[in-house]
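> Here's a sequence, model it:
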Amino acid sequence: MARPRPRAPTETSPAWRDGLVIASHGRHCVVETPEKERVICHPRGKKSQAVVGDRVRWEASEDEGTIEQVLPRRNLLYRQDEIRTKSFAANLDQVLILIAAEPEFSEAQLARSLIAAAAEGINTLIALNKSDVVEPFERAWERLAPYRRMHHGVLPLSLKASPEVDRATLMKLLAGKTTLVLGPSGAGKSTLTNLLAPHARASTAEISQALNSGKHTTTSTTWYWVDDAHTTALIDSPGFQEFGLHHIEPMQLAPLMPDIAEHAGACKFYNCTHLHEPGCGVIAQVASPHHPGGISPSRYRIYGELFAELSQPRHK
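Modelled structure (predicted):
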């Protein structure tokens, strides 16, 4: 029997209830009600449109529910390669990018994450973990100098060596906000989540059992309340190896990279790509052994590589 078509977005039903998507796995998700009940919900139709952080309207059916409507989003952080789009979460106040002194982090992946957040107008913080590992930390901290100059909040952490100090510092930055934690595997995301939300493991086990996923904590994106008043939220996300930016046009890159954007207004040509044009204000600011400059060579290299990547013909 064919399922009924969903109502138009302007229509509502007395049977619909409000909810917040706090976890998802495949086409199923867990919706939290205003009364803090948690219900497994399925999308109406074949494709799931709801992501963690979405406010939805859903209708109960026996002990589960059906998502009838995803309410308008403030933002949606996602990555896109040639084949697929992967959404992280919606309606974010900020993104905390957690990297570590070791293993050595990828500056290209850090830059991609920052660009994706900037494209959605989402504030970012960078946290560098393992400050207790002195020499690797000093090297990593130096690599982050361009990001400190761009006024990104860059925070030193030692989640295992000084957890209580770090917890107090982080809580000041996260209080009253919804924060997505991004970062590679091994950076300490699980440690950070368990430090800020001690009930996280139990909550994840409960969600996994409900969804019958049998998956480890970091295989899906999950929302955790950090405080009893439910005003501060942390969203844990899976680690990733690649961060595609195929949803961004090449000429959009410069405005989304603050150090490039700062000097782009000084270019001779309005449609300057900042790669080879005479009179380019950006090229003139790239640092070299003989020129201090305001743009680090590594950042300019990342810009050039991304511009080339995003200029490739798109496969349909």
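
> Look up the residues forming beta bridges with residue 87.
Beta-bridge partners recorded for residue 87 (DSSP bridges): residue 78.

> Return the residues in contact with residue 56.
Applying C-beta atoms under 8 Å, 6 or more residues apart in numbering, we find residue 56 in contact with 18, 19, 20, 21, 31, 41, 50, 67, 68, 69, 70, 71. The C-beta positions use only the backbone N, C-alpha and C, and glycine is treated the same way.

> The first one belongs to a strand?
Yes. Looking at residue 18 with DSSP: H, G, I helix; E, B strand; the rest coil, it is inside a strand.

> Check the burial of it by counting its neighbours.
By the criterion of other C-beta atoms under 10 Å, residue 18 has 13 neighbours.

> ok, it touching residue 33?
Yes. Using C-beta atoms under 8 Å, residue 18 makes contact with residue 33 at a distance of 7.3 Å.

> thinking again about what came up before, which ones among the contacts of residue 56 are found in helices?
Using DSSP state H, no member of the contacts of residue 56 falls in helices.

> Let's have those residues in CSV, adding distance to residue 110 and pLDDT.
Output for those, formatted as CSV (distance: C-beta to C-beta, whole Å; pLDDT from 0 to 100):
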residue, distance to residue 110, pLDDT
18, 36, 96
19, 34, 97
20, 29, 98
21, 27, 97
31, 33, 95
41, 35, 93
50, 29, 93
67, 34, 94
68, 39, 93
69, 36, 93
70, 30, 94
71, 32, 96
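
> Show me which of these are buried.
Among the contacts of residue 56, the ones that count as buried by 16 or more other C-beta atoms under 10 Å are 19, 20, 21, 31, 41, 50, 67, 68, 69, 70.

> Can I get the residues you listed in CSV including distance to residue 85?
Below are the buried ones among the contacts of residue 56 laid out as CSV (distance: C-beta to C-beta, whole Å):
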residue, distance to residue 85
19, 24
20, 22
21, 17
31, 22
41, 21
50, 14
67, 19
68, 23
69, 21
70, 16
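
> among the residues you listed, which are in strands?
In strands, defined here by DSSP state E, the members of the buried ones among the contacts of residue 56 are 19, 20, 21, 31, 41, 67, 68, 69, 70.

> lowest average confidence, helix or strand, in the protein?
Using mean pLDDT, DSSP states H and E, the weakest-scoring helix or strand in the chain turns out to be helix 200-211, at a mean of 66.

> can you pull the alpha-carbon coordinates of the next helix-or-strand element following that helix into PDB?
Remark: after helix 200-211, the chain's next helix or strand is strand 222-225, criterion DSSP states H and E. Output of strand 222-225 as PDB, limited to C-alpha atoms (Å, rounded to 0.1, in the frame of the first residue of the first chain):
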ATOM      1  CA  THR A 222      25.300  12.500  18.500                       C
ATOM      2  CA  TRP A 223      24.000  15.400  20.600                       C
ATOM      3  CA  TYR A 224      24.800  15.600  24.300                       C
ATOM      4  CA  TRP A 225      23.400  18.100  26.900                       C
END
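
> Which elements pack onto strand 222-225?
If contacts are counted by 3 or more C-beta pairs under 8 Å, 6 or more residues apart in numbering; DSSP states H and E, strand 222-225 sits against strand 16-25, helix 200-211, strand 233-236.

> what sits up against it?
So strand 222-225 is in contact with 20-23, 32, 52-53, 89, 193, 196-197, 199-200, 203-204, 207, 232-236, going by C-beta under 8 Å, 6+ apart.

> model confidence over that strand, on average?
Averaged across strand 222-225, pLDDT comes to 94.

> my guess is residue 57 meets residue 14, correct?
No. Contact criterion C-beta under 8 Å: residue 57 and residue 14 do not qualify, at 11.3 Å.

> more crowded one of the two?
Higher neighbour count among residue 57 and residue 14: residue 57, with 19 against 5, using other C-beta under 10 Å.

> what residue ranges in the stretch 101-250 of the chain score low on pLDDT?
Filtered on pLDDT under 70, the stretch 101-250 of the chain yields the residue ranges 201-219.

> in it, which spans are strands?
Secondary structure of the stretch 101-250 of the chain, counting by DSSP state E, counting those that start in this stretch: strands at 123-129, 153-156, 178-182, 222-225, 233-236.

> Having no further points to raise, I will conclude here.
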